[in-house]
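**Q** Sequence plus the predicted model coming up.
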Amino acid sequence: MKKDTLLKLIRFALPYKKRFIVALISMIIVGALTSALAYLVKPGINKAFIEKDKRFLIVISISVIVIAFIRGIFSYIQNYLMVWIGQRVIMDLRNKLYEHLQTLSLGYFITHRTGKLISHLTNDMMYIQNAVTYVPAHLIRDGTTAIFLTGVIFYLNWKLALLSIIVFPLLAYPLRKFSRKMRRRSYRAQEEMANIYNLLNEKITGIKIVKAFSQEEREIDLMRDANKRFFSSVMKLLKTAILQRPVMEFFTYTGASLVLLIGGLAIIEGEMDVGSLFSFLAALNLLYAPLKNFANVNQEIQQAISAGERIFGVLETEAYVKDVENPIEFKEFKNEIVYENVSFSYALEKIDKDSFNIDSVEHDLKNINIRIKKGEMVALVGPSGGGKTTIVHLLLRFYDPVKGRILIDGIDIRNFSLKSLRRSIGFVSQDIILFNDTVKNNIKYGKPNASDEEVVNASKVAFADEFIRKLPYGYDTYIGERGVKLSGGERQRIAIARAILINPPILILDEATASLDAESERIVQEALDRVLIGRTAIVIAHRLSTVRKADKIYVIDKGMVVEEGKHSELLEKGGLYRRLYELQFKD
Ligand SMILES: Nc1ncnc2c1ncn2[C@@H]1O[C@H](COP(=O)(O)OP(=O)(O)OP(=O)(O)O)[C@@H](O)[C@H]1O
Ligand SMILES: [Mg+2]
């Protein structure tokens, strides 16, 4: 899994391999020049202090300046390119992730918390960007530096060189241990961060309820807890991460002091010159620096892997509701919509369907049979939680039935392309969702290139034109978080205008249960009357005036169709409909 994740991340960097190669060459040049600088210490010291050769000393000093300057240029090029690639990979990955989220089925969003998804798009990306930007530089630049410097120290004195690097193989084992620990701990810390995002998202969106029920203090405590958990998990991670450095440093100092001891003895014995030892120590010092950096590299890699695992986890989730191969375009609605023995269960959305016996769970819809002829208005009524909304969601293919099928003009809707099917259905949901944008843009959401005239016409039909014109900026007034708040009935009428602007042959209206006052109700009702002309509609009705007009009423209770017929027939029957009528539909 871990190698996999790395490979997948590398695949995202592949399109930028040309830049990467330039960066790579720059890194190697930087590494070589760093080594050259260390090597120059030897002639520098020998000429200056031992041979007292002024001219040569000046030449060496100037060489150092020139080399340092060139090294700086390549270092800049390398850094710039790597930062660029890092940001670019993140941009691609984030786009890809968002694109993929848009294709996932509604069921996915029921089971995965929004905040968590947001944290994948923000926090997790940051770890990956860090790794992409710095890891290659550390590995390659520091790696080549290390190789060249090793060459330098072996050239200067191979016995000392052996002595000074003999400590490193001993480090391999603890480093491995550290890596595994860090990856696990990094995963935990990122999960806790996701939790914070989730809490923020949920409670700031729902701030109205938090305040209305005076639960600010509890929310503060919840956040404190989440923060505390993040703190402990991140401290656990950092405890391991920062332990690497002293361990590495201890080994390097041990190596250096051994060199000093043996090299010093060699000078006293006259077997080595001072310049060589200084040069050797300078090289060793430069050599240890990249080796110490490997500790950071390791941390960056482990964090990126655990972030990558989470991101690829989403990217590799397949949409449950998706187009079949060679889907049919839904062109024209000719005849009828039929629900044929349809059963559905939300519980099945949350588990692996292949390994589960679908009959062992209680279904939320059981054996639903409904028939809607072209031009009809069919009403679904029944007690709350009966399954009315679920029934219409299936027509939009938010979910697919676990048993049975839904046919339009004799074709299973699973065979239509999702786009063409949904484009033919106007949908007014029970919870009206409007975006933070102008009234106009909200109305033409389903058809962004609609003309102003179309917007006004749809609004007129939905009985919304009049109140929209009275808003401070008319159709250009912002609604939602950034602007004017609308009443329930007004929101509903905007949603109706939005649904009919795409001029769908089929209309689904899931009336809000919240009762409007008599006046708004009359207006919404009039809007409905106009909207329904010439369309086929499924209306989830809570108003007597609506059900009275319905061509057919289906009474839904406990996931089943318990009664069906016209208003008068159902009244006569004296069943559930009659009881509902007496309780609920009285107006
Ligand atoms: N996303 C979901 N996950 C799990 N169960 C759900 C989900 N949505 C609805 N249910 C369950 O499915 C059943 C039917 O719900 P549905 O929303 O279809 O009822 P409804 O008839 O529209 O009710 P209301 O009149 O109150 O709107 C209920 O028992 C409900 O708890
Ligand atoms: Mg409902």
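**A** Cool, got the structure. Ligands and ions are numbered 1, 2, ... in the order given.
**Q** In the stretch 101-250 of the chain, what residue spans correspond to helices?
**A** 106-111, 114-119, 125-136, 142-156, 158-165, 172-205, 207-212, 216-268 (DSSP state H, counting those that start in this stretch).
**Q** who's in contact with residue 328?
**A** Neighbouring residues of residue 328 by CB atoms under 8 Å, 6 or more residues apart in numbering: 411, 415-417. All C-beta atoms are positioned from the backbone trio N, CA, C, and that covers glycine.
**Q** which of these tops the neighbour count?
**A** With neighbours taken as other CB atoms under 10 Å, the top of these is residue 416, carrying 21 neighbours.
**Q** what's the neighbour count on the closest residue to residue 117 other than its chain neighbours?
**A** Spatial nearest neighbour of residue 117, excluding adjacent residues (CB to CB, 6 or more residues apart in numbering): residue 101 at 6.5 Å. Neighbours of residue 101 under the rule other CB under 10 Å: 17.
**Q** which among the contacts of residue 328 are in contact with ligand 1?
**A** Here nothing survives when these are matched to ligand 1 using CB under 6 Å from any ligand atom.
**Q** Columns distance to ligand 2 and secondary structure on top of the residues you listed, output as CSV?
**A** Formatted as CSV, the contacts of residue 328 follow (distance: CB to the ion, whole Å; DSSP: H, G, I helix; E, B strand; the rest coil):
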residue, distance to ligand 2, secondary structure
411, 27, strand
415, 27, helix
416, 24, strand
417, 27, coil
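**Q** circling back: nearest to residue 375, out of the helices of the stretch 101-250 of the chain?
**A** Minimum separation from residue 375 across those (CB to CB) falls at helix 106-111, 29.2 Å.
**Q** What residues sit buried inside the closest one?
**A** For helix 106-111, the neighbour count (16 or more other CB atoms under 10 Å) marks 107-108 as buried.
**Q** Other residues contacting it?
**A** Residues outside helix 106-111 that contact it (CB under 8 Å, 6+ apart) are 317, 319-321, 346, 349-350, 393, 398-399.
**Q** any idea which of these is closest to ligand 1?
**A** Distance to ligand 1 across these (CB to the nearest ligand atom) is lowest for residue 346, with 3.3 Å.
**Q** Now for residue 287, how many residues are close by?
**A** 27.
**Q** In contact with it, which residues?
**A** Here residue 287 is in contact with 145-146, 149-150, 153 (CB under 8 Å, 6+ apart).
**Q** hmm, 6 Å instead?
**A** Contacts for residue 287 were tallied using CB atoms under 6 Å, 6 or more residues apart in numbering; they are 146, 149.
**Q** what about it, distance to ligand 1?
**A** To ligand 1, residue 287 is 60 Å away according to CB to the nearest ligand atom, to the nearest Å.
**Q** distance of the residue in the chain positioned nearest to ligand 2 from residue 431?
**A** Nearest residue of the chain to ligand 2, counting by CB to the ion: residue 389, 3.1 Å away. Per CB to CB, to the nearest Å, residue 389 is found 10 Å from residue 431.
**Q** circling back to that earlier point, need the helices of the stretch 101-250 of the chain in a markdown table (columns: mean pLDDT and distance to ligand 2).
**A** Formatted as a markdown table, the helices of the stretch 101-250 of the chain follow (pLDDT from 0 to 100; distance: least, CB to the ion, whole Å):
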| stretch | mean pLDDT | distance to ligand 2 |
| --- | --- | --- |
| helix 106-111 | 83 | 15 |
| helix 114-119 | 84 | 21 |
| helix 125-136 | 86 | 37 |
| helix 142-156 | 85 | 61 |
| helix 158-165 | 82 | 72 |
| helix 172-205 | 85 | 21 |
| helix 207-212 | 86 | 20 |
| helix 216-268 | 88 | 29 |
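**Q** Looking at those, which is nearest to ligand 1?
**A** Closest approach to ligand 1 among these is made by helix 106-111 (4.7 Å; CB to the nearest ligand atom).
**Q** sorry, back to before: which of residue 389 and residue 431 has more neighbours?
**A** Between residue 389 and residue 431, counted using other CB under 10 Å, residue 389 has the larger neighbour count: 19 against 9.
**Q** what's the following helix or strand after the strand or helix carrying the more buried one?
**A** Assigned by DSSP states H and E, residue 389 falls within helix 388-395. Sequence-wise, the next helix or strand downstream of helix 388-395 (DSSP H and E) is strand 403-408.
**Q** Span of stretch 322-334 from start to end?
**A** Using CA to CA, to the nearest Å, one end of stretch 322-334 lies 24 Å from the other.
**Q** Are we agreed that residue 555 is in a helix?
**A** No: using DSSP: H, G, I helix; E, B strand; the rest coil, the assignment for residue 555 is strand, not a helix.
**Q** what's the burial count for it?
**A** 24.
**Q** tally of neighbours for the residue nearest to it when sequence neighbours are not counted?
**A** The shortest distance from residue 555 to any residue other than its chain neighbours is 4.0 Å, reached at residue 563 (CB to CB, 6+ apart). Look at residue 563: counted by other CB under 10 Å, it has 19 neighbours.
**Q** try residue 249
**A** Residue 249 has 14 neighbours, counted by other CB under 10 Å.
**Q** That one: what's its closest spatial neighbour, skipping adjacent residues?
**A** Using CB to CB, 6+ apart and skipping residues adjacent in sequence, the residue nearest residue 249 is residue 292, 6.4 Å away.
**Q** and this structure, which residues reach ligand 1?
**A** When proximity is defined by CB under 6 Å from any ligand atom, the chain lies next to ligand 1 at 110, 346, 364, 384-390, 430, 513.
**Q** swap the cut-off to 8 Å and go again
**A** Taking CB under 8 Å from any ligand atom as the contact definition, the chain meets ligand 1 at 110, 346-347, 349-350, 364-365, 380, 382-391, 393, 430, 510, 513, 540, 542, 556, 559.
**Q** where does the chain have low pLDDT?
**A** By pLDDT under 70, the weakly predicted segments of the chain are 1-3, 349-360, 481-483, 512-518, 520, 585-587.
**Q** Any of the contacts of helix 106-111 buried? List them.
**A** So, by 16+ other CB under 10 Å, the buried ones in these are 321, 349, 393, 398-399.
**Q** TSV for these, including distance to residue 203?
**A** TSV is the format used below for these (distance: CB to CB, whole Å):
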residue	distance to residue 203
321	30
349	25
393	27
398	26
399	28
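**Q** that older thread, the residue nearest to residue 249 sits in which helix or strand?
**A** Here residue 292 is assigned to helix 274-315, by DSSP H and E.
**Q** That helix vs helix 158-165, what angle?
**A** 40 degrees (axes from the mean of the first three to the mean of the last three CA atoms, to 10 degrees).
**Q** I'd like the next helix or strand past helix 274-315.
**A** The helix or strand immediately downstream of helix 274-315 is strand 336-344, counting by DSSP H and E.
**Q** neighbouring contacts of that following strand?
**A** Contacts for strand 336-344 (CB under 6 Å, 6+ apart): 363-373, 401-408.
**Q** switch the cut-off to 7 Å
**A** 363-374, 390, 394, 399, 401-409 (CB atoms under 7 Å, 6 or more residues apart in numbering).
**Q** Could you give me the PyMOL selection string for whichever of the residues you listed are buried?
**A** Remark: buried members of the contacts of strand 336-344, expressed as a PyMOL selection using 16+ other CB under 10 Å:
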select buried, resi 363+364+365+366+368+370+372+390+394+399+401+402+403+404+405+406+407+408
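**Q** biggest separation within the contacts of helix 106-111, which pair?
**A** 317 and 393 (20.2 Å).
**Q** can you give me the strands in the stretch 451-587 of the chain?
**A** Counting by DSSP state E, counting those that start in this stretch, the stretch 451-587 of the chain has these strands, from start to end: 506-510, 536-540, 552-557, 560-565.
**Q** Done for today, thanks.
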